[in-house]
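>>> just a sequence and a predicted model for now, questions to come.
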Amino acid sequence: MFRYGKPAWPRYRLVIAILILHGGAATAGASALPEMQAGTLLLHSTAGYVPAVRLDTDVNIVVNGLVARVSLMQQFENTSSEWVEGTYVFPLPDRAAVDHMRLYIGDRLIEGEIREKEQARREYQQARQAGSRTSLVEQQRANLFTTSVANIGPGESVIVEVEYLEDLRYDEGTFSLRFPMTLTPRYSPGDAATELTHTGASPAAAVEDDAALLAPPMVPISSGHNVSLRVSVNAGLPLEIIASRYHPVNVAKIGGRYAVSLAGGRAMMDRDFELVWRPVSSSLPRALAFTETVAGDSHYLVMVIPPEPDASAAPVLPREMIFVVDTSGSMHGESLEQAKQALRRALEGLRPGDRFNVIEFNSETRSLFSTSKPADAVHIDTAQDFVAQLEANGGTEMYPALEVALRTQPAGPYLKQIIFITDGAVGNEETLFSLIATGLNEARLFTVGIGSAPNSWFMRKAAEAGRGAFLMIGSLPEVGEKMDRLFRKLEHPQVTSIDIHWPGGLLVETYPAVVPDLYRGEPVVIKAQASGLPRPGDVLSISGNFAGGAWQEQVELALPEQSPGVGALWARARIAGLADGQRRGADAATTRDAIVETALAHHLVSKYTSLVAVDRTPARPAGGPLSGEQVANLTPHGQRGAAVFGFPATATDGAKLRLTGLAAVLAALLLAMPAMLRSGANGRSA
């Protein structure tokens, strides 16, 4: 085996010290924090932490064509005798366009307003200090948000509603919609612990502690926190199948719509919800287009399905396959089993003439072979044995593993393909995107998202930077199907040289600005803004090349119906495109101004804009105390043990005693180690 790491003793000394400190922190946390449910407010009082009661969590999703409008309502009751403030972290789909927030207090409704982030914080803080009920929604990542709610009175209930839009995903004839219900805490390299604490300060003011927000409190619980979820699907096409991948559901056809609800009415919020539907193949058109006119400009959402390339028409190139697998602590439990099964399936998919290697990483990076080996029976058997002994522990030090995979040069005319298997639970995404973009050369990077709550934004953007594709695996039974789908993409030729041609006379801004090459089953999806309105007969022309010939499709632009939300989805795509441009070197100040302008015009939460709602009537008595705490999320389904980075906060008395004993033993080791090393050195010199 080949390891990449630092000299042992200094690293072990640091680890021992961290464990002692973290063991003490875990013990302290165990005594202070009660067993909690996902999304439950922790209210701080003089007697310790008191859980607020979540009365209800309700999700309502309406799908029309390619656009989904989602409403998430969360209701809390303050069961303490104090005025409280809470902040909670929640995931959303990575392409969500968050455009509405409402605060309900009794029979009053306060609509959130979009502001630049600094101004929104000032308004929130002023209302908080004045004793007014107020709420603030901020973006931490493209798929991770925080909501702060201040001045919830004793015995009072507050409802926060967040709305967003997203476009559906299409792959190999199937549409899918994913709603995240919890998150896997994200590891920030260099941080031994990621704990956010509030000592009377506003939780909203503490969001600068990025690492802490990426790893909110996580608690295991087998019952208690549930969600109701309803989906109304108007696909516009007859469906062959509609089903939920991970939750039992009831499906009823009502006219042209499908009504989907959770079987039993409610479910635990410990894994993502995914709904999939497949149209009858003969009914699926090659092109789908939707439009919305906003402020005199036309906005378009267009999906075009290229013909399927003929695998036999393309030359078969030998491949160098580098498999990189995450074995960090967040992969503990079913996630690691999914990863190992996916890796076994991938090894079985190697062809004679291929070369390969396997790299695992957690706090260290370890390669199976020093260089890639031929995909013969002996080396594949060795790799299968290596996979069988993989265990999950340690941090998610992803950068060194990616660096090793990228710098490996093929030993000959091989097509280099990197298969990256992980839950994506990291907080340094931007650094990793830059590494991929600069180190890729002629290789291709494919990401496989693992687990019940993966970081989908990282999976998608890493694959984009790596000019590859991504897929998500959420349960063991679907590993075979999903990995077979990935290998079909790897083995079929791509659709290349895709060109978008708009009619003359239109000033158009399209995202993505350059359509990437497509793998098998992938559509062309573009979002565009065009000046003015289309003329009768105006068409959009999309063309490309694939093995066996050229391809072209035309789309009518003068559409009879308006599709609300298309303009906001274009704005969301523009914001993402501007951020991508900054990664490639665009001026940061100019990029920020353009993002703010777009977000304010379309009422969207972004990196630089937030939603704030203020009830102008003071509620808390002037000068009265305000306690502030944050939210606990539910440990993702399948993770055995609550600890992702360390011990669970809900440790029992026995666990606390074990932690205390561990701290004592480690302290003794720390003190004795230098003498032991000197003794060993003296013995060797003798």
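Happy to help now that I have it.
>>> which non-adjacent residue is nearest the residue positioned nearest the centre of the chain?
Residue closest to the average C-alpha location in the chain (C-alpha atoms, centre = their mean): residue 455, at 2.8 Å. What sits nearest to residue 455 in space, not counting adjacent residues and going by C-beta to C-beta, 6 or more residues apart in numbering, is residue 424, at 3.3 Å. For the C-beta atoms, the positions are set from N, CA and C on the backbone; glycine is no exception.
>>> in a strand, the one you found, correct?
No: the assignment for residue 424, made by DSSP: H, G, I helix; E, B strand; the rest coil, is coil rather than a strand.
>>> what pLDDT does the residue nearest to the centre of the chain get?
The confidence metric pLDDT takes the value 88 at residue 455.
>>> tell me the contacts of it?
Neighbouring residues of residue 455 by C-beta atoms under 8 Å, 6 or more residues apart in numbering: 143, 183-184, 186, 423-426, 429, 449.
>>> nearest to residue 580, of these?
Checking these against residue 580 by C-beta to C-beta gives residue 429 as the nearest, at 12.6 Å.
>>> what about the closest residue to the closest one other than its chain neighbours, distance to residue 428?
Leaving aside its sequence neighbours, residue 429 sits nearest to residue 458 (C-beta to C-beta, 6+ apart; 5.1 Å). In this view, residue 458 and residue 428 are 10 Å apart by C-beta to C-beta, to the nearest Å.
>>> what do you get for residue 404?
Residue 404 sits 17 Å away from residue 428, going by C-beta to C-beta.
>>> between those two, which is the more surrounded one?
Taking other C-beta atoms under 10 Å, residue 404 and residue 428 do not tie; residue 428 has more neighbours (22 against 19).
>>> which parts of the chain are helices?
Here the chain has its helices, by DSSP state H, at 8-32, 117-130, 210-214, 334-348, 377-388, 398-407, 429-439, 456-465, 479-491, 566-583, 588-602, 653-685.
>>> so where's the chain uncertain?
Scanning the chain for pLDDT under 70 picks out 1-55, 190-225, 309-315, 548, 616-686.
>>> before we move on, back to that, in a markdown table, list the contacts of residue 455 along with distance to residue 415 and neighbour count.
Formatted as a markdown table, these follow (distance: C-beta to C-beta, whole Å; neighbours: other C-beta atoms under 10 Å):
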| residue | distance to residue 415 | neighbour count |
| --- | --- | --- |
| 143 | 31 | 19 |
| 183 | 35 | 24 |
| 184 | 32 | 27 |
| 186 | 32 | 28 |
| 423 | 27 | 29 |
| 424 | 25 | 28 |
| 425 | 30 | 29 |
| 426 | 28 | 25 |
| 429 | 27 | 19 |
| 449 | 23 | 25 |
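>>> closest to residue 572 out of the residues you listed?
Distances from residue 572 to these, taken by C-beta to C-beta, are shortest for residue 143, at 12.0 Å.
>>> identify the residues contacting the residue nearest to residue 455.
Applying C-beta under 8 Å, 6+ apart, the residues contacting residue 424 are 184, 447, 449, 454-459, 462.
>>> pick the one among those residues closest to residue 114.
residue 457 (21.6 Å).
>>> what separates residue 470 from residue 398, distance-wise?
15 Å.
>>> just residue 542 next, same as before
Residue 542 is 36 Å from residue 398, where distance means C-beta to C-beta.
>>> repeat that for residue 512.
25 Å.
>>> alpha carbons only: can I get stretch 70-86 in PDB?
C-alpha atoms of stretch 70-86 as PDB (Å, rounded to 0.1, in the frame of the first residue of the first chain):
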ATOM      1  CA  VAL A  70     -41.900  24.100  -3.500                       C
ATOM      2  CA  SER A  71     -43.300  25.400  -0.200                       C
ATOM      3  CA  LEU A  72     -41.600  24.400   3.100                       C
ATOM      4  CA  MET A  73     -43.500  25.400   6.200                       C
ATOM      5  CA  GLN A  74     -42.000  24.800   9.700                       C
ATOM      6  CA  GLN A  75     -43.900  25.700  12.800                       C
ATOM      7  CA  PHE A  76     -42.300  26.000  16.300                       C
ATOM      8  CA  GLU A  77     -43.700  26.600  19.700                       C
ATOM      9  CA  ASN A  78     -41.500  28.200  22.500                       C
ATOM     10  CA  THR A  79     -42.200  26.000  25.500                       C
ATOM     11  CA  SER A  80     -39.900  27.900  27.800                       C
ATOM     12  CA  SER A  81     -40.600  30.900  30.000                       C
ATOM     13  CA  GLU A  82     -38.100  33.100  28.200                       C
ATOM     14  CA  TRP A  83     -38.000  35.100  25.000                       C
ATOM     15  CA  VAL A  84     -35.900  33.200  22.500                       C
ATOM     16  CA  GLU A  85     -34.100  33.400  19.200                       C
ATOM     17  CA  GLY A  86     -33.100  30.400  17.100                       C
END
